[in-house]
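Undergrad: predicted model and sequence follow; I will ask about them next.
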Amino acid sequence: MEAKLKQLQEEAIEKIEAAEGLKELNDIRVAYLGKKGPITEVLKGMGKLSAEERPKMGALANEVRAAVTERLEEKSEKLEKEAVNKKLASETIDVTLPGRPVRKGRKHPLTKIVEEIEDLFIGMGYSIAEGPEVETDFYNFEALNLPKGHPARDMQDSFYITEETLLRTHTSPVQARTMEMHKGKGPIKVICPGKVYRRDNDDATHSHQFMQIEGLVIGENIRMSDLKGTLQVFAKKMFGEDREIRLRPSFFPFTEPSVEMDITCKICGGKGCSVCKGTGWIEILGAGMIHPNVLEISGFDSKKYTGFAFGMGPERIAMLKYGIDDIRHFYTDDVRFLNQFQTQE
Ligand code: FA5
């Protein structure tokens, strides 16, 4: 029996040494140490032994079990370590490989134009003011000298939400809100960029949703010449030093006098062509000196304070600057159009 046990030990250890995987090792454990294994079988014959030999054999059997178990554990640890090392080696990252290019989004041409205009005015000491797109009738019209029923309301076809609220038709309500916030005290020097909405039919130069940038300056002794000088600086910085401006009389209920500003046509240099409809000039914005009624409605003393305001459409400005022939390109997300602006960050 002793020889048999020793032989089983050698046999099991040989197999353990030769084992190549954890599963194989487990099979060996079950085969040799399990209830139906050969060691247990041998021990079952202990009953036939003498009382002296029985404890000796029992101790030997335990030694064999312990030796096999120890080897199994050692080998299992070794195989586990090897498996981990193999996995680590296979998952090593080669940091010298070139990375995959990430496709970067770019700013929309309209965003770029708005930011360019903002920067230009910030450079002249303006700050930025914003207001809600869903506006009250009061700020959109009444505070701007356009009481209910005023015929000039027809100049801006509106999307009404309720009797008293609408999608703002221009950025001028931000003027009114800013003035109200200043509680009758100047100076004020802001520009107000944002989206506006009108029930205009979409065509090459009109959109039912578009952007505007409003300018507002209030102080003591602000004159028409300040407005003209400001607009001249803006036009030359935006379109080039060689461009001239002209102011034409116009009408807005919130400014008096009111003007529209034209710049010389880039295509013909002022001689007249199809783009400027033969006039040599292209209209860019509306402006004027703030009407005393508007100053008073917003709490400013119109004897002490004067001011000017202007409102422009960045889409139209971008169209002129980049030679874009249809305003709808800004809103149809055609990447062939958008990609043309990728170099100008
Ligand atoms: C106004 O909206 C005035 N609030 C501007 C103003 C402000 C005047 C302060 C005086 C003092 P007007 O309706 O002309 O004015 O619009 C201003 C600019 O918005 C236009 O010059 C044009 O560039 C742009 N615009 C008007 N309607 C549309 C439209 N449907 N689609 C695209 N741009 C438009």
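TA: Yes, it's here.

Undergrad: burial count for residue 15?
TA: Look at residue 15: counted by other C-beta atoms under 10 Å, it has 18 neighbours. For every residue, glycine as well, the C-beta is placed using N, CA and C.

Undergrad: assign it to helix, strand or coil.
TA: Counting by DSSP: H, G, I helix; E, B strand; the rest coil, the backbone at residue 15 sits in helix.

Undergrad: what about this structure, any weak spots by pLDDT?
TA: 343-345 (pLDDT under 70).

Undergrad: how about the residues of it by the ligand?
TA: Neighbours of the ligand within the chain, by C-beta under 6 Å from any ligand atom: 170, 172, 198, 200, 206-207, 210, 212, 214, 252, 255, 285-288, 309-313, 315-316, 327.

Undergrad: the residues you listed in strands, which ones?
TA: 210, 212, 214, 252, 255, 285-288, 309-312 (DSSP state E).

Undergrad: in a markdown table, list these along with neighbour count and distance to residue 98.
TA: Output for those, formatted as a markdown table (neighbours: other C-beta atoms under 10 Å; distance: C-beta to C-beta, whole Å):
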| residue | neighbour count | distance to residue 98 |
| --- | --- | --- |
| 210 | 21 | 44 |
| 212 | 23 | 46 |
| 214 | 24 | 49 |
| 252 | 23 | 59 |
| 255 | 25 | 60 |
| 285 | 23 | 50 |
| 286 | 22 | 54 |
| 287 | 25 | 54 |
| 288 | 23 | 59 |
| 309 | 26 | 55 |
| 310 | 22 | 51 |
| 311 | 22 | 50 |
| 312 | 24 | 46 |
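
Undergrad: tell me which of these is nearest to residue 109?
TA: residue 210 (13.8 Å; C-beta to C-beta).

Undergrad: residue contacts, the closest one?
TA: 195-196, 198, 313, 315, 327 (C-beta atoms under 8 Å, 6 or more residues apart in numbering).

Undergrad: hang on, residue 293 in a strand?
TA: No: using three-state DSSP, the secondary structure at residue 293 is helix, not a strand.

Undergrad: what is the burial count for it?
TA: 16.

Undergrad: neighbours of residue 217, how many?
TA: Applying other C-beta under 10 Å, we find 23 other residues in the vicinity of residue 217.

Undergrad: just checking, residue 306 touches residue 225?
TA: No: in this structure residue 306 lies outside contact range of residue 225 using C-beta atoms under 8 Å: 11.8 Å.

Undergrad: higher neighbour count, the two?
TA: Each of residue 306 and residue 225 has its neighbours counted (other C-beta under 10 Å); residue 306 has more, 21 against 9.

Undergrad: look up how far residue 299 lies from that one.
TA: Distance of residue 306 to residue 299, given as C-beta to C-beta, to the nearest Å: 15 Å.

Undergrad: do you know how far residue 302 is from the ligand?
TA: 16 Å (C-beta to the nearest ligand atom, to the nearest Å).

Undergrad: identify the residue nearest that residue in space, chain neighbours excluded?
TA: Spatial nearest neighbour of residue 302, chain neighbours left out: residue 292 (3.8 Å); criterion: C-beta to C-beta, 6 or more residues apart in numbering.
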